[in-house]
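1. fold the following.
(one chain, ligands or ions: 1)
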Amino acid sequence: MPSPKARNSAGGGGGGGSIGGGVGGNSGRYEFMSLSRSAPPSGLQRQGSDPTTARLRAADSPTRRRGSGSSTSSTGGQQLPEEDCMRLNPSMIGIALSSLLAIDLWLSKRLGVCACEESSWGSVRPLMKLVEVSGHGIPWLVGAAYCLYKSDSAAGQEVMLNLLMALVLDLVLVGIVKAVVRRRRPAHNRMDMFVTFSVDRYSFPSGHATRAAMCARFLLAHLVLAAPLRVLVLLWAVFVGFSRVFLGRHNVTDVAFGFFMGYCQYNLVEALWLSPLMLQSMMGQLE
Ligand SMILES: CC(C)=CCC/C(C)=C/CC/C(C)=C/COP(=O)(O)O
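-> Residues are numbered from 1 along each chain as shown. Got it, this is the predicted structure:
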């Protein structure tokens, strides 16, 4: 679990995957050190009582590197130099993010109650895996393609075509983000998932959560009108998200971001909505 202290002693190595890897990294190293120890009261003491340390720190300070003599800085004035103040803020953000990451890892491990058969709720793992399949890409793609094929109204075909487009868009966007962020799945996850792509060894964001959020919005906007069913759709989406953490597949933040991303993806789908008119003109241009 990455803590500021561990980072300092380990030379900045990330513990929870690359999403946390950049937090409080080299740029915020001195701030981490000064904040994790008791803060000295004046600018002079900040240089350290040991002359060697003081020289090294002075040599590393941006003020010194740029050869700028601006503001109060190293001569021991009571005010912090402007640049040091500006460097303090990123370190605070770094500490906040590191703490969030630590809480995320801790909470996700605690909530991974179906991560294996021996876990505290291991007996409901098969049920969770069923929920997993309900949010998987393949049943959704096959289902949408089948409904498109079977639909005999233009309106039905339009909706199903756009659902298909949304599902493909979701796979592409999630694949890109996973490939860029490359956060590893939790250590307690068993990689026994139903059909996966290579990027699915990464966990940020949860593809099931993005799909659940996006499809739920899609269903509520276009297909499901009856109030009890609307509630069921919402419950399903939330449950798909929670099941990812219970199964140990994801950390909480993967799922939270997945929900957010899926919610936004639906806005994109609406913006890119393919209408029959548009399709006709596209076909016309192809001919
Ligand atoms: C037709 C075709 C190529 C379908 C591919 C569908 C497919 C393999 C989707 C991957 C779904 C999946 C395992 C996502 C990972 O979800 P996480 O919640 O574990 O990120």
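2. how about low-confidence regions in the stretch 1-150 of the chain?
-> Across the stretch 1-150 of the chain, the ranges flagged by pLDDT under 70 are 1-88.
3. what about 50?
-> 1-77 (pLDDT under 50).
4. separation between the residue in it positioned nearest to the ligand and Met214?
-> With Cβ to the nearest ligand atom, the shortest gap between the stretch 1-150 of the chain and the ligand falls at Gly137, namely 3.1 Å. For the C-beta atoms, the positions are set from N, CA and C on the backbone; glycine is no exception. In this view, Gly137 and Met214 are 11 Å apart by Cβ to Cβ, to the nearest Å.
5. who has more neighbours out of these two?
-> Neighbours per residue (other Cβ atoms under 10 Å) separate Gly137 from Met214, with Met214 holding more: 29 against 20.
6. leaving out sequence neighbours, find the closest residue to the more buried one.
-> Gly262 (4.0 Å; Cβ to Cβ, 6 or more residues apart in numbering).
7. burial of the one you found, as a residue count?
-> For Gly262, using other Cβ under 10 Å, the count is 29.
8. surely it is within a strand?
-> No - under DSSP: H, G, I helix; E, B strand; the rest coil, Gly262 sits outside any strand and is assigned helix.
9. any idea how far the ligand is from it?
-> 11 Å (Cβ to the nearest ligand atom, to the nearest Å).
10. check contacts around Val269.
-> Val269 makes contacts with 162, 165-166, 169, 214, 218, as judged by Cβ atoms under 8 Å, 6 or more residues apart in numbering.
11. top of the residues you listed by neighbour count?
-> Ranking these using other Cβ under 10 Å puts Met214 first, with 29 neighbours.
12. just checking, it is part of a helix?
-> Yes - counting by three-state DSSP, Met214 is located in a helix.
13. ok, back up a step: overlap in contacts of Gly137 and Met214?
-> Asp170.
14. might one say that the residue nearest to Met214 is in contact with His208?
-> No - assessed by Cβ atoms under 8 Å, Gly262 is found out of contact with His208, at 9.4 Å.
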